[in-house]
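K.L.:
okay, sequence plus prediction incoming.
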Amino acid sequence: MKKTQNLLPPKTGVGYIRESTEEQDKGFAPQAQERSIRDYAKKNNIKIVEIYKDLISGKVAAKRADFQRMIGEAMQNKFEVILVFHTSRFARNVGEARQYKNLLRKKLNIDVVSTTQPFGDFNDPNAFLNEGVNELFDEYYSRQLGFFLKNALMEKRKQGKPSGNPPLGYYKKKIGFDKETGRVIYSREWHIDKKAAPVVKRIFKLYATGRYSMSAIANILTKERLKTNYGNDFTYSSIKGTLASKAYLGLVYSPRKDRPDIKSVYHKAIVPKELYYKCQDIMRERSQKFGRPVAQHRFYLLQGLVYCYNCIEWLKKRRKDKTKSMLPAMYCYANRWETGEKRFYSCKFRRENGTCDQKVECGIIDKQVIQLMNGFSLPKETIGHSLAKLKDMFQNYRRDKKTEDRLSKLLDKKGRLKAIFENGHSTEEEFLFKTQQVDEEIGQVERQTIIGSMTARQEEQFVKKTEDFLSDFSKFWNSGLPEKEIRNWIQMVIKRVWVKGEKVVAIEPRDEYKPWFKAHQKVIGQYPLATPVGIFV
């Protein structure tokens, strides 16, 4: 029997290894994990073509770079099985474990096997139950570990001991090397960096003159080729974070208001108190004098999803340097002219340090993404779940007899908001924003009133019509959906939209939706050399 198995072509497999710093003594050493994976592969006729490693803390899969690279390459059918040392190495969140395993096993026909936990065929109900119980204990252990770790950090803070990596201007000395884990051992004390500390003082002194904005200071430092601790250029955000940090006063500082500042026993001040608080006064004055209220009443279809493709070379360089790079997100803003208002997506580096001039009108990019969504196809289980929720909604609305009272109260509230604005007790932005919220609630109550008054036959027809629409997503998508509903769909399905000039040149669907862009199989599914990992074009 063994000879017959050996004559069969080997399965193509990969290994996934994860170890976090707080687990170094828990038997999950990377070397032990890899040894177990390779031994299992050898005994079971599996050819290992890649080992993925994430040696970081954190249970969230989205923050594990090699895990996401593995999922992306699974989408390209590069292997048939994923081997892990233990279920907790794959995921420590029951929801995530089910989500990714369902994607791999049911959609891509790729199994996930624990080399130390013989569950058997995942289609077997007993194997499913056994694996599920272990996943539940994995999440319980993770939550327990997080609870103890949080308490330990809080106690450490009370003793005046800062946590995490030191900010610009400080460093930890290397005091040894742990051969077993392959990690450098650092001192607890934060020492003043003689090269970076003057840069920190200079930032405070420049801002304290009142002649320089945060962007201007970032631009000055960028032109002088000075870098942050992570090797990145200075930006508006990094300058703002530096100016706000009380760590430079020698304090254990947290931006959370419920945590008091405590004098540190591990580091000394870099910035004098007078200089620090003078900068805080200028920041406060400028925010009141020049800052304008956020235009929350404006609508941006792709807010938070658009990224600048022109800065791709910058990203590639940072990846080679193995430093923590920033993604070039594009922010939303509007300009007003006599002819009307135009809205734009603009690269953050344009605003923060002037190294990019990429901007484009929102409408141009919005149309391309809306057209792309025509190729989206909903799976049957998602359609079934949506219809079940719709039927539950009908039942709930029939039980709710208070919709008329709610509608009357909302209309009264809208009238009061108008009176407050007309009497000069609120700004136009506040009035528009709050009125928009009330209008949304009114619309929801009116829909409930209509749905609650439907007959059983009308409900049945509505559910059937919804099923027809969702089965033919293109027809549903082009049926005149409201703007906000279109945005909700896009944000649910798409993770990032990469823009160059006036074109969408790359699209990154969320992992669970990648297989469902049927009309775009030719353009979605490979990693071009010119793009960062995770981008599909």
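P.N.:
Structure received.
K.L.:
quick one: low-confidence ranges for the stretch 151-300 of the chain?
P.N.:
Applying pLDDT under 70 to the stretch 151-300 of the chain flags residues 151-157, 180-182, 255-258, 288-297.
K.L.:
which residue ranges of it form strands?
P.N.:
For the stretch 151-300 of the chain, strands defined by DSSP state E, counting those that start in this stretch occupy the ranges 170-171, 174-178, 183-186, 191-192, 251-252, 262-263.
K.L.:
so which of those is nearest residue 435?
P.N.:
Residue 435 lies closest to strand 251-252 among those, at 42.9 Å (C-beta to C-beta). Quick note: C-beta positions are derived from backbone N, CA and C, even for glycine.
K.L.:
paired strands for the closest one, with orientation please.
P.N.:
Next to strand 251-252 in the sheet, as set by DSSP bridges, lie strand 262-263 (antiparallel).
K.L.:
who's in contact with the strand it pairs with?
P.N.:
157-158, 160, 250-252 (C-beta atoms under 8 Å, 6 or more residues apart in numbering).
K.L.:
switch the cut-off to 6 Å
P.N.:
With C-beta atoms under 6 Å, 6 or more residues apart in numbering as the test, strand 262-263 has contacts from 160, 252.
K.L.:
surely residue 334 is in a strand?
P.N.:
Yes: the assignment for residue 334 is a strand, going by DSSP: H, G, I helix; E, B strand; the rest coil.
K.L.:
next, count neighbours for residue 121.
P.N.:
9 (other C-beta atoms under 10 Å).
K.L.:
and it, backbone torsions?
P.N.:
For residue 121, the backbone dihedrals (degrees, to the nearest 10) come out as phi -60, psi 130.
K.L.:
and the strands of the stretch 151-300 of the chain: which comes nearest residue 70?
P.N.:
The nearest among the strands of the stretch 151-300 of the chain, by C-beta to C-beta, is strand 183-186 at 23.0 Å.
K.L.:
what is that closest one packed up against?
P.N.:
Applying 3 or more C-beta pairs under 6 Å, 6 or more residues apart in numbering; DSSP states H and E, one finds that strand 183-186 makes contact with strand 174-178.
K.L.:
and this protein, what are its domains?
P.N.:
Structural domains annotated on the chain: 2-146, 191-289, 306-375+490-520, 380-479, as defined by automatic domain parsing.
K.L.:
for residue 169, find the nearest of these.
P.N.:
domain 191-289 (4.0 Å).
K.L.:
isn't residue 233 right next to residue 221, touching?
P.N.:
No: counting by C-beta atoms under 6 Å, residue 233 does not reach residue 221; the two are 7.9 Å apart.
K.L.:
low-confidence stretches in the stretch 301-450 of the chain?
P.N.:
In the stretch 301-450 of the chain, residues with pLDDT under 70: 313-326, 336-340, 352-354, 393-405, 424, 426-429, 444-450.
K.L.:
can you pull out the strands in it?
P.N.:
Going by DSSP E, counting those that start in this stretch, the stretch 301-450 of the chain shows strands at 306-308, 330-337, 340-347, 359-361.
K.L.:
can I get those strands in CSV including mean neighbour count and distance to residue 287?
P.N.:
Below are the strands of the stretch 301-450 of the chain laid out as CSV (neighbours: other C-beta atoms under 10 Å; distance: least, C-beta to C-beta, whole Å):
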stretch, mean neighbour count, distance to residue 287
strand 306-308, 25, 26
strand 330-337, 15, 17
strand 340-347, 17, 21
strand 359-361, 16, 24
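K.L.:
what's the closest of these to residue 466?
P.N.:
Of the strands of the stretch 301-450 of the chain, the one closest to residue 466 (C-beta to C-beta) turns out to be strand 306-308, at 30.6 Å.
K.L.:
tell me where the stretch 101-250 of the chain has helices.
P.N.:
Along the stretch 101-250 of the chain, counting by DSSP state H, counting those that start in this stretch, helices occupy 125-158, 197-208, 214-223, 236-244.
K.L.:
look up the closest residue to residue 413, ignoring the ones flanking it.
P.N.:
residue 438 (5.6 Å; C-beta to C-beta, 6 or more residues apart in numbering).
K.L.:
I figured the one you found hits residue 414, correct?
P.N.:
Yes: applying C-beta under 6 Å, one finds residue 438 in contact with residue 414, separated by 4.8 Å.
K.L.:
who's in contact with residue 365?
P.N.:
residue 499.
K.L.:
distance check, residue 298 against residue 365.
P.N.:
For residue 298, the distance to residue 365 equals 16 Å [C-beta to C-beta, to the nearest Å].
K.L.:
then residue 507?
P.N.:
From residue 507 to residue 365 the distance is 11 Å (C-beta to C-beta).
K.L.:
please apply the same query to residue 118.
P.N.:
51 Å.
K.L.:
try residue 485
P.N.:
Counting by C-beta to C-beta, the gap from residue 485 to residue 365 is 19 Å.
K.L.:
the strands of the stretch 301-450 of the chain: which one's closest to residue 65?
P.N.:
Closest among the strands of the stretch 301-450 of the chain, using C-beta to C-beta: strand 306-308, at 16.6 Å.
K.L.:
show me what that closest one is packed up against.
P.N.:
strand 494-500.
K.L.:
do that again at 10 Å, thanks
P.N.:
The helices and strands touching strand 306-308, judged by 3 or more C-beta pairs under 10 Å, 6 or more residues apart in numbering; DSSP states H and E, are helix 312-321, strand 330-337, strand 340-347, helix 348-352, strand 359-361, helix 362-372, strand 494-500, strand 503-509.
K.L.:
kindly reformat these as JSON lines containing distance to residue 134.
P.N.:
Formatted as JSON lines, those follow (distance: least, C-beta to C-beta, whole Å):
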{"stretch": "helix 312-321", "distance to residue 134": "35"}
{"stretch": "strand 330-337", "distance to residue 134": "42"}
{"stretch": "strand 340-347", "distance to residue 134": "45"}
{"stretch": "helix 348-352", "distance to residue 134": "42"}
{"stretch": "strand 359-361", "distance to residue 134": "49"}
{"stretch": "helix 362-372", "distance to residue 134": "40"}
{"stretch": "strand 494-500", "distance to residue 134": "29"}
{"stretch": "strand 503-509", "distance to residue 134": "30"}
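K.L.:
got the contact list for residue 101?
P.N.:
Shown in contact with residue 101 (C-beta atoms under 10 Å, 6 or more residues apart in numbering): 82, 87, 90-91, 110-112, 122, 131, 135.
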